[in-house]
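[1] here's a sequence, model it:
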Amino acid sequence: MQRSAVLDKHVQQLKTEAKAALARQDFEGARDILTEAIRLRRDSHKLFRLRSVAWACMQEYQNSLDDAEMVINLQPHSTDGYYHKGFALYHQKNYSDAAHAFQEGLKLNPSDRVLRQGFWDAVTLLSQHRVCLPMRYQSEKDKSQESGVGAKP
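    Residues are numbered from 1 along each chain as shown. This next block holds a predicted model:
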């Protein structure tokens, strides 16, 4: 058996072990297994996608985002990376960039219901935050004028 075939078989075995770890909710174990597999096969978008899932399950959204961006770099015509990028950004409360990531995925597959739902969830929260901000600033301005703070003489 050639060296690359042996390596591929080992990486596939690690991927299977990582999926089993994810299924039993051993997210740290899955992350560690996938990190080992990625060291052996840095060009596998599937390994980065799975590790992005593991990171997200551990609420490590920046790491999940980093791996999602690797998925996009390695497989730009797949919606997977855009979904995971949007998911991570959404949980970082970066709703604008999350909506954009979901929208990029929808350009590749306009009928994807999960991407569409993620997009609208992000847009809804983004619009709620934009509506709330001026009200907060307005109320702070009103309070300062009432107390005389910041008022012109």
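
[2] now do the SS call for R42.
    Here R42 is recorded as coil under DSSP: H, G, I helix; E, B strand; the rest coil.

[3] from R51, how far out is it?
    12 Å (CB to CB, to the nearest Å). Heads up, the C-betas are built off the backbone N, CA and C, glycines and all.

[4] just Q59 next, same as before
    Distance from Q59 to R51, counting by CB to CB: 14 Å.

[5] more neighbours: those two, which one.
    Taking other CB atoms under 10 Å, Q59 and R51 do not tie; R51 has more neighbours (28 against 10).

[6] you'd agree the more buried one is up against D32?
    No: using CB atoms under 8 Å, R51 is not in contact with D32, being 9.7 Å away.

[7] could you pull up the contacting residues of the residue nearest the centre of the chain?
    For the chain, A88 is the residue whose C-alpha lies nearest the centre (CA atoms, centre = their mean; 2.4 Å). A88 sits next to 52, 55-56, 61-62, 64-65, 68 when contact means CB atoms under 8 Å, 6 or more residues apart in numbering.

[8] next, P76: secondary structure please.
    coil.

[9] what's the neighbour count on A98?
    Here the number of neighbours of A98 (other CB under 10 Å) works out to 25.

[10] again but with Q128, I slipped
    Neighbourhood size, Q128 [other CB under 10 Å]: 11.

[11] helix or strand: which one has it?
    Element membership of Q128 [criterion: DSSP states H and E] is helix 113-147.

[12] average pLDDT across that helix?
    Helix 113-147 shows an average pLDDT of 69 in the prediction.

[13] same deal with stretch 39-47?
    Average pLDDT, stretch 39-47: 97.

[14] extract the C-alpha trace of that stretch and format it as CSV.
    Backbone C-alpha positions of stretch 39-47 (Å, rounded to 0.1, in the frame of the first residue of the first chain) are rendered in CSV as follows:
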residue,chain,number,x,y,z
ARG,A,39,-2.4,18.2,10.8
LEU,A,40,-2.2,15.2,8.5
ARG,A,41,-4.6,16.6,5.8
ARG,A,42,-4.7,20.4,5.8
ASP,A,43,-6.6,20.5,2.5
SER,A,44,-9.7,18.7,3.7
HIS,A,45,-12.7,21.1,3.9
LYS,A,46,-14.7,18.2,5.5
LEU,A,47,-12.3,18.0,8.5
